[in-house]
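1. give the three-dimensional model of this entry:
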Amino acid sequence: MNKDLTFSIKRISFDENYNPSKNTRITTNFANLARGEKRQENLRNALVMIDNRFNSLAHWDNPNSDRYSVELEIISAELNIGAEVTFPAIEILKTNIVDKKTHERIDGILGNNFSSYVRDYDFSVVLPEHNKKQSGFSTPDNFGDLHGNLFKSFVNSDAYKENFKKSPVICLSVSSKNVYHQTGNQHPVLGIEYQQDELSLTDLYFNKMGLQARYFMPANSVAPLAFYFTGDLLSDYTNLELISTISTMETFQKIYRPEIYNANSAAGKCYQPSLKHQDYSLTQIVYDREERSQLAIEQGKFTEQHFIKPYQTVLEQWSAASVL
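-> Residues are numbered from 1 along each chain as shown. Model (predicted):
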């Protein structure tokens, strides 16, 4: 078998008619919304929330707050091992902005909601197994190395460069284990910047993907978001691109983590997020967080059985030789 690892890209629209494909990680947040009796209502409501938030942030030359809409694509990066094996490695969202005043369609940002089978494996299989044998919490040697090299290889691949002009920005919830402090720095779109006392496990994991983090709380938000990126977050992207990410990911976080992102009071100068916070509002969108946690474990085991174990030698050799 030719052991070259290459990537191919598939796109599918994320709209109110979206149905997850059989290859989609069902723990992916947007896939979870598209299940059950209220799937279409869930999707429609989430998309309206995204558009409303976009227009509230892009308020200039927008007197009726209805100038823009956001179209989303699910980008699936499939990893090809030689010619015979294909594995769904990464799924991320691509935003596109529709300006209804000029009838222009503007590129947004790739990244946003990030999901990966190998990350499920690392966090739901490798980490718990390792810590069964420990008195305190720790991470195993080389934790996240393979995943980081796969991600960097994808971003540097011909498939990526042929499809996307800019590096991805991945936007996630802040860590409930860390304390965040306002810095006094304020960006016109991203809002108030926060810094944390120490790196979270997610930060360290994403560092291995070649990504660094900054934390901002946009205007009229109640908690900072974590933005993972390469390069310069503030100068590499336009205001509309940044707004497309904020509006998309803040909407998802209001649905998934209402205790933090739909709280009834905003984060102060010193802030520690908590999923035990009680003073928050619920959206009208159905989401089963407990089910998602169970599915992450199932999919981590699926990855171990169908990807890690069968191709362990190939993957270890490839990862050891990767210098990106």
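2. adjacent strands (with direction) for the host helix or strand of E71?
-> Under the criterion of DSSP states H and E, E71 resides in strand 68-81. Partners of strand 68-81 in the sheet, by DSSP bridges, are strand 5-14 (antiparallel), strand 85-99 (antiparallel).
3. export stretch 5-15 as CSV, just CAs?
-> Taking Å, rounded to 0.1, in the frame of the first residue of the first chain, the C-alpha atoms of stretch 5-15 are listed here in CSV:
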residue,chain,number,x,y,z
LEU,A,5,-1.6,10.6,3.5
THR,A,6,-3.6,13.1,1.5
PHE,A,7,-6.9,15.0,2.1
SER,A,8,-10.0,15.5,0.1
ILE,A,9,-12.8,18.0,0.8
LYS,A,10,-16.5,17.7,0.7
ARG,A,11,-19.1,20.5,1.2
ILE,A,12,-22.7,20.4,2.3
SER,A,13,-25.0,23.3,3.1
PHE,A,14,-26.1,23.7,6.7
ASP,A,15,-29.7,25.0,6.4
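4. in it, which residues are buried?
-> Applying a neighbour-count criterion of 16 or more other Cβ atoms under 10 Å, one finds L5, T6, F7, I9, I12, F14 buried in stretch 5-15. (Each C-beta comes from the backbone N, C-alpha and C, glycine too.)
5. would TSV of the residues you listed with pLDDT be doable?
-> Formatted as TSV, the buried residues of stretch 5-15 follow (pLDDT from 0 to 100):
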residue	pLDDT
L5	87
T6	92
F7	94
I9	95
I12	90
F14	88
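6. out of those, who's nearest S157?
-> F7 (4.6 Å; Cβ to Cβ).
7. could you list everything the closest one pairs with in the sheet?
-> Bridge pairing for F7 - DSSP bridges - gives L79.
8. wait, isn't it in contact with S157?
-> Yes. With contacts counted by Cβ atoms under 8 Å, F7 reaches S157, the gap being 4.6 Å.
9. now the strand holding E71, how far from the centre of its chain.
-> With Cα atoms, centre = their mean, to the nearest Å as the basis, strand 68-81 stands 12 Å off its chain's centre.
10. re the thing from before, can you add distance to V189 and give the buried residues of stretch 5-15 back as CSV?
-> Output for the buried residues of stretch 5-15, formatted as CSV (distance: Cβ to Cβ, whole Å):
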residue, distance to V189
L5, 37
T6, 36
F7, 31
I9, 28
I12, 28
F14, 23
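11. of these, just say which sits nearest to Y180.
-> F14 (29.9 Å).
12. just to revisit the earlier point, I'd like the strands paired with strand 68-81 as a markdown table, with distance to F229 appended.
-> Converted to a markdown table, the strands paired with strand 68-81 look like this (distance: least, Cβ to Cβ, whole Å):
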| stretch | distance to F229 |
| --- | --- |
| strand 5-14 | 20 |
| strand 85-99 | 13 |
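13. please identify which of those strands is closest to N185.
-> Of all those, strand 85-99 comes closest under Cβ to Cβ, at 24.6 Å.
14. name the helix or strand of this protein that has the lowest mean pLDDT.
-> Scoring the helices and strands of the chain by mean pLDDT, DSSP states H and E places helix 29-33 at the bottom, with a mean of 59.
15. and the next helix or strand past that helix?
-> Criterion used, DSSP H and E; the element after helix 29-33 is helix 39-57.
16. buried sites along that next one?
-> Within helix 39-57, the residues that count as buried by 16+ other Cβ under 10 Å are 39, 42-43, 45-47, 49-51, 53-55, 57.
17. how long is stretch 266-283 from one end to the other?
-> 17 Å (Cα to Cα, to the nearest Å).
18. who touches it?
-> With Cβ atoms under 8 Å, 6 or more residues apart in numbering as the test, stretch 266-283 has contacts from 45, 49, 173-176, 178-182, 194, 217, 221-224, 254-255, 257-260, 262-265.
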